[in-house]
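Chemist: output the structure for:
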Amino acid sequence: MADYPYMISNNKIGPILKKIEQAAKPPKFSHSLLKNLGFSSSNDRAIIPLLRRLGFISEDGTPTEHYDELKDKTKSAYVLGQRIRALYSDLYAINTDIHNASDEEIKGSISRVTGKDATTVNRYFLTFKALTGLAKFTSAPIKKKEDVKEEQPKPEKLAQQGEINPAGFHYNIQIHLPATTDISVYNAIFKSLKDNLLI
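Modeler: Here you go, the predicted structure:
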């Protein structure tokens, strides 16, 4: 039979996870740390075995790699969804979309896989609902290379922004002048260069 962690004060799960996101990563997640985060009630301590069972901290309270993802605003809801699926795998074996099922169906599934009394089943259920309400169960969006790589503005765009002067581009042009003593030939060549090539 399955056995799930639960919090009597399950309304604190969201605020505690938010504080975890904001606070520095601790060497150990302990009761004293929880108190420092502003959660001093004895009922709040149940978050520690819950975090442990979800895989965010190890048996001795050391944060895992999933803890780092939990602190990342872009990943937290998705990693929470993944860890919920892992913890409640027996429920997801019954219904792969159990988090969207009716309350009665969820409670019925919990009752069957745990064999617990109605009071305990309800506690499991309320904690499950509190967790799933904070999670996303789709895959985390993957950033495309073009999204990650900063767009390099074109020279003309930079010029409009005043960041560079197009005249700053240098061209090396070799000109083979004809052998002549007629200066007008040279003048005509250089005038053509000025009119057509130079900025």
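Chemist: which ones are touching Pro15?
Modeler: Contacts for Pro15 (Cβ atoms under 8 Å, 6 or more residues apart in numbering) come out as Phe39. From N, CA and C alone the C-beta is placed, and that goes for glycine too.
Chemist: checking my notes, it in a helix, right?
Modeler: Yes - counting by DSSP: H, G, I helix; E, B strand; the rest coil, Pro15 is found in a helix.
Chemist: so how far is Tyr92 from the residue most central in space within the chain?
Modeler: In the chain, the centroid-proximal residue (Cα atoms, centre = their mean) is Thr74; its distance is 2.1 Å. To Tyr92, Thr74 is 24 Å away according to Cβ to Cβ, to the nearest Å.
Chemist: chain center to the host helix or strand of Tyr92: distance?
Modeler: Element membership for Tyr92, per DSSP states H and E: helix 89-94. Relative to its chain's centre, helix 89-94 lies at 26 Å (Cα atoms, centre = their mean, to the nearest Å).
Chemist: buried ones in it?
Modeler: Using 16 or more other Cβ atoms under 10 Å as the test for burial, helix 89-94 gives Asp90, Leu91, Tyr92, Ile94.
Chemist: what's the answer for stretch 68-80, then?
Modeler: Glu69, Leu70, Lys71, Lys75, Ser76, Ala77, Tyr78, Val79, Leu80.
Chemist: next step: those residues restricted to helices.
Modeler: Judged by DSSP state H, helices contain the following of those: Glu69, Leu70, Lys71, Ser76, Ala77, Tyr78, Val79, Leu80.
Chemist: redo those residues as JSON lines? Include pLDDT and distance to Ser41.
Modeler: Listed next are these as JSON lines, based on pLDDT from 0 to 100; distance: Cβ to Cβ, whole Å:
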{"residue": "Glu69", "pLDDT": "95", "distance to Ser41": "27"}
{"residue": "Leu70", "pLDDT": "95", "distance to Ser41": "22"}
{"residue": "Lys71", "pLDDT": "95", "distance to Ser41": "23"}
{"residue": "Ser76", "pLDDT": "95", "distance to Ser41": "24"}
{"residue": "Ala77", "pLDDT": "96", "distance to Ser41": "25"}
{"residue": "Tyr78", "pLDDT": "96", "distance to Ser41": "29"}
{"residue": "Val79", "pLDDT": "97", "distance to Ser41": "26"}
{"residue": "Leu80", "pLDDT": "97", "distance to Ser41": "22"}
